[in-house]
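Asker: return atomic coordinates for the entry below.
(chains A and B)
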Number of protein chains: 2
Amino acid sequence: MSVRKLKLKKMPIETGKIVAILHRNDAEKLGVRALERIRIFSKQAEIVAIVDVTDKFAKEGEILLSRDCFEKYKIKEGEIVEIKPEGRPESVKYIRKKLEGMYLSYHEIEKIIKDVVEKKLSEIEITAFLTALHIRGISMEEAENLTKAMIKTGKTIKFKNKPIVDKHSIGGVPGDKTSIVLVPIIASANLTIPKTSSRAITSPAGTADRMECIAPVEFEIDEIVRIVNKTNACLVWGGALELAPADDIFIQIEFPLGIDPMLFPSIMSKKKSVGSEYVVIDIPTGQGAKIKTIEEAEDLAEDFIELGKRLGMHVECVSTFGEQPIGHAIGPALEAREALSTLYGKGPKDLIDKACTLAGAIFRMVGKGDKNTALQLLKSGKALKKFKEIVKEQGGNEKIKPNDIPIGDKKLDVKANKSGRVLRIFNHKIVAIAKEAGAPKYKGAGIYLYKKMGDVVKKGEKLFTIFAEKSTNLAAAEKLLEEEFPIVIGKQYGEEMMLKSIPTKETKEKEFILER
Amino acid sequence: MSVRKLKLKKMPIETGKIVAILHRNDAEKLGVRALERIRIFSKQAEIVAIVDVTDKFAKEGEILLSRDCFEKYKIKEGEIVEIKPEGRPESVKYIRKKLEGMYLSYHEIEKIIKDVVEKKLSEIEITAFLTALHIRGISMEEAENLTKAMIKTGKTIKFKNKPIVDKHSIGGVPGDKTSIVLVPIIASANLTIPKTSSRAITSPAGTADRMECIAPVEFEIDEIVRIVNKTNACLVWGGALELAPADDIFIQIEFPLGIDPMLFPSIMSKKKSVGSEYVVIDIPTGQGAKIKTIEEAEDLAEDFIELGKRLGMHVECVSTFGEQPIGHAIGPALEAREALSTLYGKGPKDLIDKACTLAGAIFRMVGKGDKNTALQLLKSGKALKKFKEIVKEQGGNEKIKPNDIPIGDKKLDVKANKSGRVLRIFNHKIVAIAKEAGAPKYKGAGIYLYKKMGDVVKKGEKLFTIFAEKSTNLAAAEKLLEEEFPIVIGKQYGEEMMLKSIPTKETKEKEFILER
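Answerer: Residues are numbered from 1 along each chain as shown, chains lettered A, B, ... in the order given. All right, here's what the predicted structure looks like:
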């Protein structure tokens, strides 16, 4: 057991990690290698750090920690601290168990999640864990335990009015502004719906991005409590609330790998953390959606419902038509306009139907009506009135009209090159073009579709308009359009039988969308 | 497609990685997230870097790269460079394929290995790849392709005298100084054996650590060529030769995770890189070794032999008794003494038998004799003469005698607390105590065993001595000895039937493997 005394030095970097950089000679004398751990005994704190080894950056006799470590532990530069090698945390053993395909107990899962949140595990160890979960799969019991551990290690919010209900979509369909319509419908029926959403990760707009075109969405927990207690609802960004901080760390690693092994715990922990009792989960289904068939949707639903039971939540799932965008608008501002128009009574049929179907499912669960109740609340203007209250409490302009929301002034109209029917709209091509046009970064960028599946179209008629804030983005979108035209026009389904020719050379990458 | 112009700034850090730190606002405007990639267009070079995002460390308008990036690409601080988002490299797609359990082609494997060596993949991506290989396993064809790709992306060495032979042990048994005895035996029979070895990773001594007590072991490739062309052999450290640089990167990740999915490619690529035609592989077998049963050893051997065939190498495997340390000495200097004594004609029986058995296997493979040939070369002093030549060419003192090698002067004699026979010696406890005593960091530290399995011992007789260079290390080793006594004395095997009591409280790892 080697012990060394080293001098603390501050790195001018914010790493968010507890990593100590040692000179190679000190590391050797301590008998530690890169990625192993040491325990640092300072006057202010005992710190367990992951070791990085350098030849040059740290001098012999020094130990370097990041600026945020200095702040967190209130340690001072120049202090001589004692360093001892530290074994691997217990949780690494449990990660190895999962690698070998064994089930993990609640105790083991909690230890892993706790160490993730406390930054005791390296990126390598967390990656191995997530990869193992992806390959080995998780049992229902593990999903339950992961959810519970993620809730326990995060913050929770309590609201005064019950019942608390929620809606979540597993995502994957562009233009899905359903939540902005559904939340005020639900809240106007005196149900509490504290809706937290994400920003876009791979899509042209997340619900938080859309809502931000109408009102602020970034709040502290106590402000959210105030807004919800007053209006029964909110439409806010959930990203910085630390409801399940482990999940926020996992997403950082899952995203570049394109895996999503924590789908259930990730969604359910965030719902449970805000006290949701009744949750409806939207599963967009079909070609071009994440879930391709109704059978797959049923399997997924069964697991959501079972997990809900184990967590004391009533869960209902709805498989919805996901083969084309919802409504006409894609992109934050265009979608905000469309959602607001819908509340003002002028919405597209599919959006109205989707919002009222899902709201109706919630009403049935709590015994307060059905889809017609929802339609009634929308048509009567009660939902709009409620939405205005929410906007006001979130600090927005309650008098805002759809056309007050600015959209990009650079436009490109795209016309049909033949007459016929719209047979297919490729979601992933719509997404790619909208992103190329600048969404979600530029809120005014996106696409407005005039024609949807089944619509009759004449040669030369407008199919859609691309909106951008910058000409370079519009040009880029136009260029992509040449390669990836998103709309198929034909006379009748099956008239042209070939879906795609697959030449021997081409390597096809699976489309992956991570959206929570 | 966003483009930004940013000013290059140098971080005073040596990261060995191509990571660019951007301010959050610049990253957002570019539309890239942490761990995604950008392409940097500077006057001197086009650089693809992995993105890290900061709020504070980098200012808006700046892009930070590590000092080693500046040196590698000859870029200058203050230059305004153009930045574009860059897609994931093709190799990430292949890593994902392996995650999904698909086999990889040579083309796909080469792309991954090349990107690993060129630092185009993040630690997260490499970890996911290694974890997937560990869980999914690799086919013989993949092992062949991994080996070939690792050779292609590394350096190779050519020697003038043929045939080139080699010996490798998969390790796991303490005190295994066989190579130091075997190499001169082989070389004295005019076979070329360019032995590269590692330093200790988890053991108290690697062959490079042992040999370093006698002669220098760190050389450039051209010096190794000179030594081998002159003496037919060398005993050098292979760690910095870049024979298979991908493997050196993999080991950094495999070690903290405790996985070894690249066992075959890792060993075979290094042998093939130095042109080995005939290779004998030692598989220590039994309780306390890596491989527990002869059946397991046979399976492993079959794969080594088949892989050898595919690479154009003759491979023979030998399963050796691995239930106790080889010889009496454990620790770099103590083992160097014992190996040298053996060459001087005074070696322990098991070490002589192991070295001559493995050397004999090589002689049979090339049609130049057998085990007796090896014994003869050892007894006649020809091997010693050859060893002296090697030591001289490596810059050591050829006249060195075993007792000239310094060992730790702090000692603790450990005596038997009862009479009987030595029924078992626990390898892992011997390793732990030797490391606690300071090995391999302090070369003079270690253990000398007076009794081996089957030996009769009287109460109060010395079982072993612990050597250390520092009193604190000796005290730590003594403390560990109380918990982990490494030798079991009894009358007869089976007299005490209980091997271990396993109380209910202990966490038992369930032997349940998920169906795939």
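
Asker: between the two ends of stretch A:410-426, how far is it?
Answerer: For stretch A:410-426, the first-to-last residue distance is 23 Å (CA to CA, to the nearest Å).

Asker: where does chain A have low pLDDT?
Answerer: For chain A, applying pLDDT under 70 flags the ranges A:1-2, A:14, A:495-496, A:499, A:504-516.

Asker: got the domain boundaries for it?
Answerer: A:4-86, A:90-137, A:165-239+A:262-402, A:406-490 (automatic domain parsing).

Asker: any bit of stretch A:271-291 sitting next to chain B?
Answerer: No. Using CB under 8 Å from any CB of the partner chain, stretch A:271-291 stays clear of chain B, coming no nearer than 16.0 Å. Any C-beta I mention is one placed from the backbone N, CA and C, and that applies to glycine too.

Asker: ok, the nearest residue to A:Pro256 once chain neighbours are set aside - contacts?
Answerer: Nearest residue to A:Pro256, sequence neighbours excluded (CB to CB, 6 or more residues apart in numbering or on different chains): B:Leu35, at 4.3 Å. By CB atoms under 8 Å, 6 or more residues apart in numbering or on different chains, the contact set of B:Leu35 is A:Gln252, A:Ile253, A:Phe255, A:Pro256, B:Ile50, B:Val51, B:Asp52, B:Ser122, B:Ile124.

Asker: which among these gets closest to B:Pro194?
Answerer: Checking the contacts of B:Leu35 against B:Pro194 with CB to CB, the nearest one is B:Ser122 at 34.8 Å.

Asker: so the closest residue to that closest one other than its chain neighbours: helix, strand or coil?
Answerer: Excluding the flanking residues, the one nearest B:Ser122 by CB to CB, 6+ apart is B:Ile50, at 5.1 Å. At B:Ile50 the chain is in strand, as set by DSSP: H, G, I helix; E, B strand; the rest coil.

Asker: show me the contacts for whichever residue of the stretch 151-300 of chain A sits closest to chain B.
Answerer: Closest to chain B within the stretch 151-300 of chain A is A:Pro256: 4.3 Å, counting by CB to the nearest CB. With contact taken as CB under 8 Å, 6+ apart, A:Pro256 is in contact with B:Leu35, B:Glu36, B:Arg88, B:Val92, B:Ser122, B:Ile124, B:Glu125.

Asker: A:Gly101 is in what secondary structure piece?
Answerer: Using DSSP states H and E, A:Gly101 maps to neither a helix nor a strand.

Asker: quick check: phi and psi on it?
Answerer: Backbone torsions for A:Gly101, taken as degrees, to the nearest 10, come to phi 90, psi 10.

Asker: check the one 5 residues further on too.
Answerer: Main-chain dihedrals, A:Tyr106, degrees, to the nearest 10: phi -60, psi -40.

Asker: A:Ile126 too?
Answerer: According to degrees, to the nearest 10, A:Ile126 has phi -70, psi -40.

Asker: any idea how far it is from A:Val92?
Answerer: 11 Å (CB to CB, to the nearest Å).

Asker: rewinding a little: ok now do the residue nearest to B:Ser122, which residues does it touch?
Answerer: B:Ile50 makes contact with B:Lys17, B:Ile18, B:Val19, B:Ala20, B:Leu35, B:Glu36, B:Arg37, B:Ser122 under the criterion CB under 8 Å, 6+ apart.

Asker: show me how to select, in ChimeraX, the buried members of those residues.
Answerer: Here is the ChimeraX selection string for the buried members of the contacts of B:Ile50, based on 16 or more other CB atoms under 10 Å in any protein chain shown:
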select /B:17,18,19,20,35,36,37,122
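
Asker: right, and the pair among the contacts of B:Ile50 with maximum separation?
Answerer: Of all the pairs that those form, the one spanning the most space (CB to CB) is B:Lys17 and B:Glu36, at 14.8 Å.

Asker: any idea which element the residue of the stretch 401-516 of chain A found nearest chain B lies in?
Answerer: At 4.7 Å from chain B, A:Ala476 is the closest residue in the stretch 401-516 of chain A, using CB to the nearest CB. A:Ala476 belongs to helix A:471-483 when assigned by DSSP H and E.

Asker: and for A:Leu6?
Answerer: Assessed by DSSP H and E, A:Leu6 sits inside strand A:4-11.

Asker: please state the offset of that strand from the chain centre?
Answerer: For strand A:4-11, the distance from its own C-alpha centre to the chain's C-alpha centre is 39 Å (CA atoms, centre = their mean, to the nearest Å).

Asker: just checking, next helix/strand downstream of it?
Answerer: The helix or strand immediately downstream of strand A:4-11 is strand A:19-23, counting by DSSP H and E.

Asker: so what does that next one touch, helix or strand wise?
Answerer: Here strand A:19-23 touches strand A:37-41, strand A:46-54, strand A:62-66, going by 3 or more CB pairs under 8 Å, 6 or more residues apart in numbering or on different chains; DSSP states H and E.

Asker: which SS class is the closest residue to A:Ser273 other than its chain neighbours?
Answerer: With sequence-adjacent residues excluded and distances taken as CB to CB, 6+ apart, A:Ser273 is closest to A:Leu243, at 4.1 Å. At A:Leu243 the chain is in coil, as set by three-state DSSP.

Asker: wait, A:Leu243 touches A:Thr196, no?
Answerer: Yes. A:Leu243 is within contact range of A:Thr196, at 7.1 Å (criterion: CB atoms under 8 Å).

Asker: find residues that contact each of those two.
Answerer: Shared contacts of A:Leu243 and A:Thr196, defined by CB under 8 Å, 6+ apart, are found at A:Lys270, A:Val274.

Asker: returning to that earlier point: name the residues of the strand holding A:Leu6 that are buried.
Answerer: A:Arg4, A:Leu6, A:Leu8, A:Lys9, A:Lys10, A:Met11.

Asker: kindly report the same for stretch A:470-479.
Answerer: Buried residues in stretch A:470-479, defined by neighbour count with 16+ other CB under 10 Å: A:Lys470, A:Asn473, A:Leu474, A:Ala475, A:Ala476, A:Ala477, A:Glu478.

Asker: please apply the same query to stretch A:172-191.
Answerer: Across stretch A:172-191, burial judged by 16+ other CB under 10 Å covers A:172-189, A:191.

Asker: got the buried residues for stretch A:36-53?
Answerer: A:Glu36, A:Arg37, A:Ile38, A:Ile40, A:Ser42, A:Ile47, A:Val48, A:Ala49, A:Ile50, A:Val51, A:Asp52, A:Val53.

Asker: neighbours of A:Lys458, just the number please.
Answerer: 10 (other CB atoms under 10 Å in any protein chain shown).

Asker: hang on, I meant A:Asp409
Answerer: A:Asp409: 9 surrounding residues under other CB under 10 Å.

Asker: in this structure it contacts A:Ser471, no?
Answerer: No. Using CB under 8 Å, A:Asp409 makes no contact with A:Ser471, being 10.0 Å away.
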